[in-house]
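**Student:** just to be clear, the model below is a prediction. Sequence and coordinates:
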Amino acid sequence: MKSNRLSLGFALAACAVAPFVAACQKGSGAGVTAFVDVNLIPMDSERILPGHTVLVRGDRIVEVGPAGSVEVPAGADRIDGFGKYLMPGLSEMHGHTPGGNASEEFREQVMFLYAANGVTTVRGMLGLPGDLDLKARTNSGEIWGPTLYLAGPSFSGGSIDSPEQATERVWTQKREGWDHLKIHPGLSRAEYDAVAASAAQAGIRFAGHVPADVGIRHAILMGQETFDHLDGYMEDAGGLRGPMDQAKMKELFDLTIAARAWVVPTMVLWEVGVIGLGDPEALAAYPEMRYWPPQGVEGWRNRLSGIQASGGWDVERARLHASNRTQLLGMMNEVGVGILMGTDSPQMFSVPGFSIHRELAAMAEAGMSPYEILVTGTRNVGDYFQRYDSFGTVAAGRRADLILTNSNPLGDVANIADRAGVMVRGVWKSEGEIQEGLAAIAASLGN
């Protein structure tokens, strides 16, 4: 699955300074890798299978079983799993690629940031120039990064001014090869309905925000597949300014479950970037900020400071809004609404990949167990994308996206950060190699 084509003109000797390029990998992703005698967390149910061996050939898991029953081929790359835990890779279901004037090198580095943190699948939610080429290079294995599923440029009040234009844009994005459509605020109900009808005809999904003129109930009934940020639910149930209406919540939950729709909470980003909570200086001092351009971090700091300095910002109302969102997520999980992991990175102190680990803590705060949290980033995502590929659990035939940890993530979800390494589409990087790559990125940014 690896390519020797290096579009930036790097020679193989550049591996030391550009380890995020997959062609610099040691060994061969096309051979066999064996995780031997590992504690397996297959994520098909809440269980740990001790003493298992997992064989990977190319980009697929080919055999899983007790260590004594799986024959490791001669010449296979053996990874000692004794005392360690192997689970499926995680997913960022509301992510972005770098915009603005980002260089190709930086775009490759962002893909590395995702994968280095165990994020092996990203659903991009705002198509930008060059994204389809980045997807082709990453998904083919030229770049070591997550499998990308990308939305085209969004449908919003700024991009659409008639139902006819909405219909035309749906078919254009279908022809261009985007995987799904992104809904932003500002669409009229007629424009939104034109998107929904055309998407059904074209066989392409649509997801994202809920325009004010549409409302969450109508959006559910029209077939929107994911509702991102929980804002539509909050607006309908009155959770922005006071206690949520429990009867409305139950009705919305029932509608969502019946429609087999999903929610992508993005808890941390919404609390900081929209609600405006958090100390700008403390957030800017997070360790992962060394992997983001200093001018970008400064922009985030200034933006949050501006929110808090504005005359209309009320810290107590902001805290109530945040508390209601946490309560809402817990209620959704309790009644069985489908939840998908996502952070909306890179945005407002949410560095790609690293932001997932902060989201895990927010989901735990909502009362979700480690297993319930991990399901949202593994098996649920595999279910969502099953028409495209098979992944999200550890079983023969699944895409070989794996995280090896030194401690048990089912005991404490924070243990996902205690990595021994990550495999993306069959290409393995040890934690040592990951740290070398991260150091190279920080150095390239002057951090």
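**Tutor:** Noted; the coordinates are in hand. Computed from a prediction, not measured in an experiment: that's the story for all the values here.
**Student:** tally of neighbours for Tyr371?
**Tutor:** A count of neighbours around Tyr371, defined by other Cβ atoms under 10 Å, yields 15. Every C-beta, even on glycine, is put in place using the N, C-alpha and C of the backbone.
**Student:** which residue is nearest the middle of the protein?
**Tutor:** The centre of the chain sits closest to Glu92, judged by Cα atoms, centre = their mean, with a distance of 0.3 Å.
**Student:** so which elements touch the helix or strand that one falls within?
**Tutor:** Taking DSSP states H and E as the criterion, the element that holds Glu92 is strand 90-95. For strand 90-95, the elements it packs on are strand 119-124, helix 354-365, helix 370-377, helix 379-384, judged by 3 or more Cβ pairs under 8 Å, 6 or more residues apart in numbering; DSSP states H and E.
**Student:** just checking, the residue nearest to the centre of the chain touches Glu359?
**Tutor:** No. Using Cβ atoms under 8 Å, Glu92 and Glu359 do not qualify as a contacting pair, with a distance of 9.1 Å.
**Student:** quick check: neighbours shared by these two?
**Tutor:** When contacts are counted by Cβ atoms under 8 Å, 6 or more residues apart in numbering, the set common to Glu92 and Glu359 consists of 341-343.
**Student:** any chance of these in JSON lines, plus pLDDT and distance to Glu281?
**Tutor:** Shown next, in JSON lines, are those (pLDDT from 0 to 100; distance: Cβ to Cβ, whole Å):
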{"residue": "Met341", "pLDDT": "98", "distance to Glu281": "28"}
{"residue": "Gly342", "pLDDT": "98", "distance to Glu281": "27"}
{"residue": "Thr343", "pLDDT": "97", "distance to Glu281": "21"}
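**Student:** can you give me the strands for the stretch 1-150 of the chain?
**Tutor:** Assigned strands in the stretch 1-150 of the chain, in chain order: 32-40, 49-57, 60-66, 77-80, 85-88, 90-95, 119-124, 147-150 (criterion: DSSP state E, counting those that start in this stretch).
**Student:** give me the contacts around the fifth one.
**Tutor:** The set of residues that contact strand 85-88 without belonging to it, under Cβ under 8 Å, 6+ apart, is 35, 38-43, 48, 52, 54, 120, 374, 378-379, 382, 391-394, 398, 401-409, 415.
**Student:** check those for burial and list the buried ones.
**Tutor:** Buried residues within those, defined by neighbour count using 16 or more other Cβ atoms under 10 Å: 35, 38-43, 48, 52, 54, 120, 374, 378-379, 382, 391-394, 398, 401-405, 407-409, 415.
**Student:** burial count for Gly367?
**Tutor:** Neighbouring residues of Gly367 were enumerated by other Cβ under 10 Å; the total is 14.
**Student:** what of Ser103?
**Tutor:** Other residues lying near Ser103 total 11 when counted by other Cβ under 10 Å.
**Student:** also the one 5 residues further on?
**Tutor:** Look at Glu108: counted by other Cβ under 10 Å, it has 25 neighbours.
**Student:** make 8 the starting number, not 1.
**Tutor:** New numbering, starting at 8: the last item is Glu115.
**Student:** one step back: between the strand holding Glu99 and strand 126-131, how many degrees?
**Tutor:** Between strand 97-102 and strand 126-131, the angle comes out at 20 degrees (axes from the mean of the first three to the mean of the last three Cα atoms, to 10 degrees).
**Student:** got a list of contacts for the worst-scoring helix or strand of the chain on mean pLDDT?
**Tutor:** Counting by mean pLDDT, DSSP states H and E, the weakest-scoring helix or strand in the chain turns out to be helix 238-244, with a mean of 89. Taking contacts as Cβ under 8 Å, 6+ apart, the residues outside helix 238-244 that touch it are 216-217, 219, 222-224, 226, 234, 246-247, 251-252, 255-256, 259, 270, 277, 328, 331-332, 335.
**Student:** again, only this time at 7 Å
**Tutor:** For helix 238-244, the surrounding residues in contact (Cβ atoms under 7 Å, 6 or more residues apart in numbering) are 216-217, 222-223, 226, 247, 251-252, 255-256, 259, 331-332, 335.
**Student:** many thanks, I have nothing further to ask.
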